[in-house]
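>>> task: produce atomic coordinates for the following.
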Amino acid sequence: VSANHWLGTTLETPQQSVEAALDTRRRIMQHACWKSGHGRFLRRTALTPENADTIWSKIRSEYIQTLADSGKDESSVQRRLDRLEAKHRHIRERALKEWEHCQK
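Down below sits the predicted model:
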């Protein structure tokens with residue numbers, strides 16, 4: 001699952017059966033601002049910084065729950081995401097400044 005905007009990387013899901021993998025994808029991607037349609041991606045909602053943060057919060061929670069359901073320690077998953085977010089924060093802040101500049 002791509003999380004480049006928030007983490008600078010992708011989120012790896014646990015190895016699982018095809019059915020479980022599809023369910024995991026559906027659970028996480030139900031929160032995404034893009035949906036697939038006819039071979040292309042269509043924007044579901046206006047992507048403001050606030051919307052992006054709300055979307056990430058939902059994806060993050062679903063991801064943590066998915067890994068916890070597969071036996072991973074929830075607090076260590078949260079700490080890993082916290083570290084990745086902190087490492088990528090300066091890039092998100094720069095993107096926010098660029099977005100704000102384009103709104104003028």
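>>> and the gap between Ile79 and Leu11?
That one is not Ile; residue 79 is Arg. 15 Å (C-beta to C-beta, to the nearest Å). All C-beta atoms are positioned from the backbone trio N, CA, C, and that covers glycine.
>>> between the two, tell me which one has more neighbours.
Comparing Arg79 with Leu11 by other C-beta atoms under 10 Å, the one with more neighbours is Leu11, at 19 against 11.
>>> and the more buried one, what pLDDT?
Leu11 is assigned a pLDDT of 80 by the prediction.
>>> for it, phi and psi?
With angles defined as degrees, to the nearest 10, Leu11 sits at phi -100, psi 130.
>>> quick one: mean pLDDT for the helix or strand where Glu19 lies?
Element membership for Glu19 (DSSP states H and E) is helix 18-29. On average, the pLDDT along helix 18-29 is 76.
>>> may I see the buried residues of that helix?
Across helix 18-29, burial judged by 16 or more other C-beta atoms under 10 Å covers 24, 27-28.
>>> what of stretch 49-61?
Taking 16+ other C-beta under 10 Å as the criterion, stretch 49-61 shows 52, 55-56, 59-60 as buried.
>>> including distance to Trp99, could these go into TSV?
Output for those, formatted as TSV (distance: C-beta to C-beta, whole Å):
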residue	distance to Trp99
Ala52	9
Ile55	15
Trp56	15
Ile59	19
Arg60	21
